[in-house]
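Trainee: Quick one, structure for this:
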Amino acid sequence: MQAWYHCENTYPFVPQEVLDAADSVRASLPNRYCDPKIAAQLFEECLDEHLLCDELGINIVSIEHHSGINSLYGASPMILGIAARQTKNVRILSLGTLISVRTDPVRIAEEYATADVISRGRVEIGFVKSGDSEMVSGNANPVGFVDRFWEAIDVIKLALTAQDGPVSFEGKYYTHRHINIWPGPYQKPHPQFWAATGDPATSAEIGRRGYINALVLRGPEASKRAFDAYKGARAEAGLPSAGTDKFAYAVLCGIGDTDEEGLAVGAKTLWFLNTSLKQAPQMSKFLPGRNPPEMAPNIWRTTGVRGRPADGLIGITPETAIARGILVAGNPDTVTRQIMEIYDKVGGFAHLIFIGRSGFLSHEEAKKTVRLMANEVLPRLPKATITPENVSQAAE
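Mentor: The predicted model follows:
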């Protein structure tokens, strides 16, 4: 199994009374509450944690959120490029640039290819559909964003793989008459593709395409549904059965020398759920195009103020989070056991994404979690089972 360190680089220093009074802590919270000197220190600490990962053999995840306290990483390709140059050993996953928000997929392909060359072939590319406040802050049309997501991937793949001079793309959402990026990616035909989704229909398409399916804070039951859809789609298409190398599970994580210490650290990561998820309904429940037309009226009538599954996580306790499989916390033995319980429930995965820093969790606490994961937990986790390659997917 491979472990991937996911650092949210949150900004938890906005006064609580400001957060309580705000309709949304994403997209519309004034940036006067973000002190650039504090932000600079946070960037330094988080990037140094990436260097520690490089020393210990823990892979790195570069994320992207916009205009809010939930993350200061507003440009994944920039963080990806920094990690590509500063690290020397581990793999680096962008999970990822919000391709349904960006207007030019070819530029995204250029950014990924450049980072892959700088890293000498250690980049992996994760696609995220986005939505909600990201559509607002990105000035993007939410209507049709799922179809736009798939078409953007097709453009990016074409740009990364075309090697014989300019090619063109003519689609419903994107038209690009001249695609010829320099340099192309270091890895051929292109870096490994991932996609983060818990939607079974999307997981099925990911399975047909052979990408790695990542589930982020969805719990074992939802993850198993998505993974089963992935496996079923491959079987229906006559493709080789997927090994565990095609599945990733993301979980909040706190590890200490004792269960008490690990639980206290893990509890701090819940700030991401308990504080930073707050969004105004016009950026979520009532956002045009967010929900399928046949489902939207019932969602408007029957769900909470924001109408998102994640709203049910607000106010969650550490004990409940552990029981629901979205937090592992304790000493190394306890965390190993919790991971294996999740592993068995979902049917296995070869990529563990552990969210080891969020909220008021300190730099030293994050580094300790990384060290204990690398030295005491990861060696005890199962080896990956490998998906057989077939000719049609060799280029995927």
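Trainee: Can you list the residue ranges for helices in this structure?
Mentor: 16-21, 36-56, 76-86, 105-118, 133-137, 145-161, 200-209, 219-236, 259-269, 271-274, 296-302, 318-323, 332-346, 363-372 (DSSP state H).
Trainee: Of all these, which one comes closest to residue 247?
Mentor: Counting by Cβ to Cβ, residue 247 lies closest to helix 219-236 out of the helices of the chain; the figure is 5.5 Å. Yep, even glycine has a C-beta here, placed from its N, CA and C like the rest.
Trainee: by contact count, what packs against that closest one?
Mentor: helix 200-209, strand 212-216, strand 247-255, helix 332-346 (3 or more Cβ pairs under 8 Å, 6 or more residues apart in numbering; DSSP states H and E).
Trainee: CSV please, covering those and showing distance to residue 300.
Mentor: Listed next are the helices and strands packed on helix 219-236 as CSV, based on distance: least, Cβ to Cβ, whole Å:
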stretch, distance to residue 300
helix 200-209, 22
strand 212-216, 26
strand 247-255, 29
helix 332-346, 32
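Trainee: so where's the protein shaky on pLDDT?
Mentor: 302-311, 390-396 (pLDDT under 70).
Trainee: Excluding chain neighbours, what is closest to the spatially most central residue of it?
Mentor: Among the residues of the chain, residue 95 comes closest to the average C-alpha position under Cα atoms, centre = their mean, at 4.1 Å. Leaving aside its chain neighbours, residue 95 sits nearest to residue 126 (3.4 Å; criterion: Cβ to Cβ, 6 or more residues apart in numbering).
Trainee: Based on its surroundings, how many neighbours for the one you found?
Mentor: 24 (other Cβ atoms under 10 Å).
Trainee: Residue 206 is in contact with that one, correct?
Mentor: No: judged on Cβ atoms under 8 Å, residue 126 makes no contact with residue 206 at a distance of 11.1 Å.
Trainee: got any residues that touch both of these two?
Mentor: Common contact partners of residue 126 and residue 206 (Cβ atoms under 8 Å, 6 or more residues apart in numbering): residue 195.
Trainee: ok, the residue lying closest to residue 259 once chain neighbours are set aside - how many residues close by?
Mentor: Leaving out its chain neighbours, the residue that sits closest to residue 259 by Cβ to Cβ, 6+ apart is residue 330, at 4.2 Å. Neighbourhood size, residue 330 [other Cβ under 10 Å]: 22.
Trainee: show me what contacts residue 330?
Mentor: 254, 255, 256, 259, 262, 263, 266, 338.
Trainee: ok, the fifth one to residue 271 distance?
Mentor: What it means is residue 262. Distance of residue 262 to residue 271, given as Cβ to Cβ, to the nearest Å: 16 Å.
Trainee: Compare these two (neighbour count), which wins?
Mentor: residue 262 (24 against 19).
Trainee: Go ahead and confirm the more buried one touches residue 333.
Mentor: No: between residue 262 and residue 333 there is no contact under Cβ under 8 Å: 10.1 Å.
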